[in-house]
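A.B. asks: sequence plus predicted model, see below.
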Amino acid sequence: MVNKKIGTISAIMLTLSIVISYITSSLPRSFIDETKSATLLNIIYITIIVLLIILFVCKLFKKFPGLDLLDISNFLGGSILKNIVGAFFIAYFIISSSMMLRNFCECLVVVYYPLTSYVFLILMFIIAIALTNKLGFNATLNTASIIFPLVLISAILLFCGNLENFSFRRIFPILGDGFYNTFILGLKNIGAFGGICYLYFLPPMLKEPEKFKKIAVISVISTGIFILLCVATLLFMFSFFVTTDEIMPLFSAARHIEFGSFFQRFESVFLLIWIISFCCYLSITCKFSTDIFNKMLNLSDMKPILNIFVLLIFGIALLPKNYAISNFFETNVYRYLRIAIGFILGITILILANFKKKKVGEKN
């Protein structure tokens, strides 16, 4: 793990940085496509559900203070289970970040760099995270601590700056396509809170592991607020948004912002902030993947492995033949992977480990 322990604020910013890139690319569009005018109600509902889940996860972690999911997997099923769980999470982290990188770069080509190849943009991101990793993980943490407040400010500006373009009648009918679509089918939107996957490996990194619950709860609530702001901006602005195939919709919303005749064209500033936050996300993914791999094999030198994961992200990002494939993965497959690995697998391991801990305690 990192040599320097992470403080509470840095840990919260780290977790939030993971979800930013997904939200700024296509997540708001997916929400609106599926739950229509009931999207805001669905987000509040999903945030409450995830908050209850995370409180349950924190309770399960209480019996294993300072340990992460791999340590708990080792307690439950030995090194075999630990390596299987680690392999699942590494594959999930690397593949999902690669597909998101490809999708993000394809979006950048369409909205801002039409004469540039997406391969070149992907390579720029790879070089950036390789250089960041050489500076050490603390550099990423410091950047994330600075950039997330800026991203949050950009979301607030997107909302406030477009108030004159809003039509608040678009939240009607309140239940959209009905109760079933909003509250039953809409449950799959818990995949938007993918930061929970990284929380499983956070306790050993913390200066104050006892504040893990506080970090988790604040991260979930902040994520919910951020998603709500972004989705509300799009829902109130675009009357026929559910039938369009808008690329990077938040960027389109940013183009409408004007604060007088002097402050115009804010979308370039927003895009720069989002690009930096995406680099933070990729760097965090590489670091967590490397730490998991190191715990699986007990390696003495992690630097070569870190570079291998960076190259893996680059290679996998080039695999999709076109934007449609990478976008399908991000908007459909990715959320189910988050649910299966982040919620089902992780929580199942924790529940079984707690049962075993209880039985061991009873025998003693």
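C.D. replies: Sure thing, it's come through.

A.B. asks: make it CA atoms for all contacts and neighbour counts henceforth
C.D. replies: Noted.

A.B. asks: packing partners of the top helix by length along the chain?
C.D. replies: In the chain, ranked by residue count with DSSP state H as the criterion, the top helix is helix 69-111. In this structure, helix 69-111 packs against helix 8-25, helix 118-135, helix 267-297, helix 303-317, helix 323-328, helix 346-363, with contacts taken as 3 or more C-alpha pairs under 8 Å, 6 or more residues apart in numbering; DSSP states H and E.

A.B. asks: for this protein, give me the ranges with low pLDDT.
C.D. replies: Residues of the chain meeting the criterion pLDDT under 70: 1-4, 25-28, 239-247, 258-265, 300-301, 362-364.

A.B. asks: buried sites along stretch 323-336?
C.D. replies: For stretch 323-336, a neighbour-count test (16 or more other C-alpha atoms under 10 Å) marks Y323, S326, N327, F329, E330, T331, Y334, R335, Y336 as buried.

A.B. asks: what angle separates the longest helix of the chain from helix 8-25?
C.D. replies: Orientation note: helix 69-111 sits at an angle of 40 degrees relative to helix 8-25 (axes from the mean of the first three to the mean of the last three C-alpha atoms, to 10 degrees).

A.B. asks: start the count at 20 instead of 1 going forward.
C.D. replies: That works, and once the first residue is 20, the last one we named lands at helix 88-130.

A.B. asks: orientation of helix 88-130 relative to helix 286-316 in degrees?
C.D. replies: Using the same axes, to 10 degrees: helix 88-130 against helix 286-316 is 150 degrees.

A.B. asks: quick one, helices of the stretch 120-269 of the chain?
C.D. replies: With helices called from DSSP state H, counting those that start in this stretch, the stretch 120-269 of the chain shows them at 137-154, 156-180, 198, 215-218, 231-256, 268-273.

A.B. asks: TSV for those helices, including distance to C126 and mean neighbour count?
C.D. replies: Output for the helices of the stretch 120-269 of the chain, formatted as TSV (distance: least, C-alpha to C-alpha, whole Å; neighbours: other C-alpha atoms under 10 Å):
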stretch	distance to C126	mean neighbour count
helix 137-154	9	17
helix 156-180	18	19
helix 198	34	13
helix 215-218	26	23
helix 231-256	17	21
helix 268-273	10	22
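
A.B. asks: any idea which of those helices gets closest to L337?
C.D. replies: Ranking the helices of the stretch 120-269 of the chain by proximity to L337 (C-alpha to C-alpha) places helix 137-154 first, at 7.4 Å.
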